[in-house]
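> need a structure here:
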Amino acid sequence: MALNPQDPNEPELFHETHATEELPEKREGYWRKLGGGSLTISIIVHAVIILIFVLWVRTTMIPGKEEVNFLPGGGGGGGGGEQKMAQKKQKAISQSAPKTRIASAVSNPDAVSLPDVTSSLTNMSSLSSATLGGAGLGSGEGMGRGTGKGSGVGSGIGSGWGPGSGAGFIALPKLYASRCSPAERAEKMKANGGTPQCEEAVQKGLAWLAKKQNADGSWGTGHKAGMTGMALLSFLGHCETPESLKYGETVLKGITYLIDLGRNQKQQQFAGVFSTKPNVISSTYEHGIATYALGEMYSFAKLGAKELPGLREGFEKGVNIIIENQNGKGAWGYKEGIGYDPKGGNDLSLTGWQFQALKAAKHTNLKIAGLSKAVNEVEDYLKSMQTKDGGFGNPDRSVHYNQWNLSGAAVLGLQTLGSGNSGPVNKGIRWIMDETKKEPLSWNKDAYLYTWYYNTQAMFQKGGDAWDLWNGQFQKELLANQLPEGNYKAETAGEVAAASAAAAGGDADIYRTTLCTLMLEVYYRYLKVGDRDSEGTTSGLMPVKTK
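Got it, this is the predicted structure:
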């Protein structure tokens, strides 16, 4: 019912529960002495309406503390229905669990955790605030553009989700940004020559991997740390984090396993090594892969003013072990009984996993002693391994780990670790192109997925004719050989070892599936070097220094 100041019966609206009663004569007299008539009531009504309007303007038009409903879709988000589910789930999580744990340390359960969710951020996941504090990332239909507020949290604008750019949070490095928006993933997939079938294959692969996770959070049997690192890289490549709706628990358990493994090594000389058998040769590969995975995870979880002892310390320890064991040539070697051997030979294959861990370390912006020097030295080593014809490694094809196997690894290192390597890179790319034309890729003949993994990334980074050539072959081979469950058929080895030989101990199926999944994520997993900001910038924002 609308108020009408001209209606003499209007005052009855203020006493609805007594509408049928008349005022006693004495009370009516007092009322009239106070001026209680239609005009007075009209003035009062208008004053109340004006007051309500003023209060409404103050609460809706003047900026204040915002309630942010945000939960990363972890790559799996898409439509509005999932967004509403995410908001409902996050509200329940925020009210029942004010702290999100990223690892459950055995000795100190509070040692590893993400930031507390304060009352002003009741509906915002703590991991989300840590990872996406920069330009808002969209989910579903588009990218969110945020405007920062005083609390350091902005509001996403548009059909997607995303916090705005605000002071206090460290932005997600632009290097990783494309993988965290379903819309941008689709855009990058299309722009870079991918298809919807590629994304479908990725999702099938991740679903299969999730089913194969062990009860302790690991994957595999013979090389659990290495396989866990490979699986986590595959999930992170699709922006699946500990708070993803579908795979959050899976990722969380995997990270927990690695952190606890490094922390709980029984022998002091192997403290921090990510391997169940830290004294054997294969532990050096496992450690590099696991450190690489934790480095990417740290870039998703870091905060400028918040310590993350378990994740950060475990990762930094892992990087320090790698740096300490780099030899004088800038490479890495190994020896049975001790694992890493800085006095041993140079192994280009082993070096590939170590420089990927160092690359991840660079993008965390952590101040790690010796990191820049180690990166420079590994670049020098990679350039020294180039042959006259442009390949990298031993020019004798009968020798294990020759240039047919490892040229892509060396080229990728020179592309992503530094600058000024265009000459060696271009020469290496031409060599790979020539060999691919001579021997087109075939799953059933000389299929070495380890080589394909590196070549896929190197050719993608180069783009142009090189990528067109490689993409036209590798994509077809992978899609044709994925099984309905999401894993892949065993490839035919031929002259080189297959994945089954590279991952002995019952891990071949997991190893093969992670390599293929990572290859099919290449379309959006990393930005091309030429598209990235200059070193030290992230998502268009200057980084906040970490402690």
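
> residues in contact with the spatially closest residue to Glu336 that is not a sequence neighbour?
Leaving aside its sequence neighbours, Glu336 sits nearest to Ile281 (C-beta to C-beta, 6 or more residues apart in numbering; 5.5 Å). In short, each C-beta sits where N, CA and C put it, glycine included. Applying C-beta atoms under 8 Å, 6 or more residues apart in numbering, one finds that Ile281 lies in contact with Tyr334, Lys335, Glu336, Gly339.

> can you count the residues close to the last one?
Using other C-beta atoms under 10 Å, the number of residues around Gly339 comes to 23.

> The first one now?
Using other C-beta under 10 Å, the number of residues around Tyr334 comes to 21.

> pLDDT wise, what is it at?
If you check Tyr334, the pLDDT there is 96.

> I'd like the distance between it and Trp353.
12 Å (C-beta to C-beta, to the nearest Å).

> quick one, helices of the stretch 101-250 of the chain?
Here the stretch 101-250 of the chain has its helices, by DSSP state H, counting those that start in this stretch, at 126-131, 182-191, 196-211, 224-236, 248-263.

> Can I get those helices in CSV including mean pLDDT?
CSV is the format used below for the helices of the stretch 101-250 of the chain (pLDDT from 0 to 100):
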stretch, mean pLDDT
helix 126-131, 32
helix 182-191, 93
helix 196-211, 98
helix 224-236, 98
helix 248-263, 94
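
> Nearest to His400 among the ones you listed would be which one?
Checking the helices of the stretch 101-250 of the chain against His400 by C-beta to C-beta gives helix 224-236 as the closest, at 18.8 Å.

> mind exporting that closest one as PDB, just the C-alpha atoms?
Output in PDB follows, covering the C-alpha atoms of helix 224-236 (Å, rounded to 0.1, in the frame of the first residue of the first chain):
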ATOM      1  CA  LYS A 224      56.400 -42.300  -6.200                       C
ATOM      2  CA  ALA A 225      57.900 -38.800  -5.800                       C
ATOM      3  CA  GLY A 226      58.600 -38.500  -9.500                       C
ATOM      4  CA  MET A 227      55.200 -39.700 -10.600                       C
ATOM      5  CA  THR A 228      53.500 -37.500  -7.900                       C
ATOM      6  CA  GLY A 229      55.300 -34.500  -9.300                       C
ATOM      7  CA  MET A 230      54.300 -35.400 -12.900                       C
ATOM      8  CA  ALA A 231      50.700 -35.800 -11.900                       C
ATOM      9  CA  LEU A 232      50.600 -32.500  -9.900                       C
ATOM     10  CA  LEU A 233      52.100 -30.700 -12.900                       C
ATOM     11  CA  SER A 234      49.300 -32.100 -15.100                       C
ATOM     12  CA  PHE A 235      46.700 -30.900 -12.600                       C
ATOM     13  CA  LEU A 236      48.300 -27.500 -12.200                       C
END
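
> Taking helix 196-211 as reference, get the angle to it.
Put simply, helix 224-236 runs at 140 degrees to helix 196-211, going by axes from the mean of the first three to the mean of the last three C-alpha atoms, to 10 degrees.

> Quick check: which helices or strands does helix 224-236 pack against?
helix 196-211, helix 248-263, helix 282-301, helix 508-520 (3 or more C-beta pairs under 8 Å, 6 or more residues apart in numbering; DSSP states H and E).
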